[in-house]
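Novice: Predicted model, plus sequence, below.
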Amino acid sequence: MTTFTHVTVGTNDLNASRAFYDKVLSHLGWTRITDLAENGSIWGDGKPSFFVLKPANGQAATVGNGVTVSFEAPNRAAVKAFHEAALALGRPDEGAVGPRDWAPNAFAAYTRDPDGNKLAVYSFSAE
C-alpha cells in the first residue's frame, strides 16, 4: 500500500527542471504526465506521483536542509542509469552508486536537481 499521493519540490527554473526530470525519471519508467502551464509539471508511472512547481506564494523556491526525495528504481541498472544521466546533465555526485548497508539489498545513488533539491534513487532488488 502506498501511503503518499505525491511529493512536490519547488523550482525557480521550470524549463531546466523539466529537461532534468524528463531525462532522469525516464530511467525509472516515469514520464511527464502533464504540464500546469508555466506553474509546473507532474511525472509518474501511470499516475501523478512527483510534482515540480513554482511556489504558489510567489517567493523563490528554496531547498529544505535535511530533505531528500528518494525514488524507487526497478533494479540496480536503473539506479546507475538515473545517476549517470544526472551527472551528464552537470548535476553533482552527492553519493556514489553502490550498496548501502542499512537495509538488505539496498543499492543507491544521490544527486541534486537544478534547484539544489537532494535526490536519491534506490533499488532493493538482489543483483
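Specialist: Right, received. Where do you want to start?
Novice: Give me the pLDDT value at residue 2.
Specialist: With respect to pLDDT, residue 2 has a value of 58.
Novice: Begin at 45 from now on, thanks
Specialist: Will do, 45 is the new start, and the previous item becomes residue 46.
Novice: Please list all residues in contact with the residue lying closest to residue 154 once chain neighbours are set aside.
Specialist: Leaving aside its sequence neighbours, residue 154 sits nearest to residue 139 (C-beta to C-beta, 6 or more residues apart in numbering; 3.1 Å). Where C-beta positions appear, they are placed from N, C-alpha and C, glycine not excepted. Contacts for residue 139 (C-beta atoms under 8 Å, 6 or more residues apart in numbering) come out as 152, 153, 154, 155, 164.
Novice: Now do the end-to-end distance for stretch 134-148.
Specialist: Start-to-end span of stretch 134-148 (C-alpha to C-alpha, to the nearest Å) is 31 Å.
Novice: wait, stretch 136-151
Specialist: Across stretch 136-151, the terminal residues are separated by 18 Å (C-alpha to C-alpha).
Novice: now the helices for this structure?
Specialist: For the chain, the helices defined by DSSP state H occupy 58-70, 120-132.
Novice: quick revisit: distance-wise, check the residue nearest to residue 154 relative to residue 78.
Specialist: The gap separating residue 139 from residue 78 is 31 Å, by C-beta to C-beta, to the nearest Å.
Novice: With residue 58 instead?
Specialist: Distance from residue 58 to residue 78, counting by C-beta to C-beta: 13 Å.
Novice: Could you do residue 167 as well?
Specialist: Where residue 78 is concerned, residue 167 sits at a distance of 27 Å (C-beta to C-beta).
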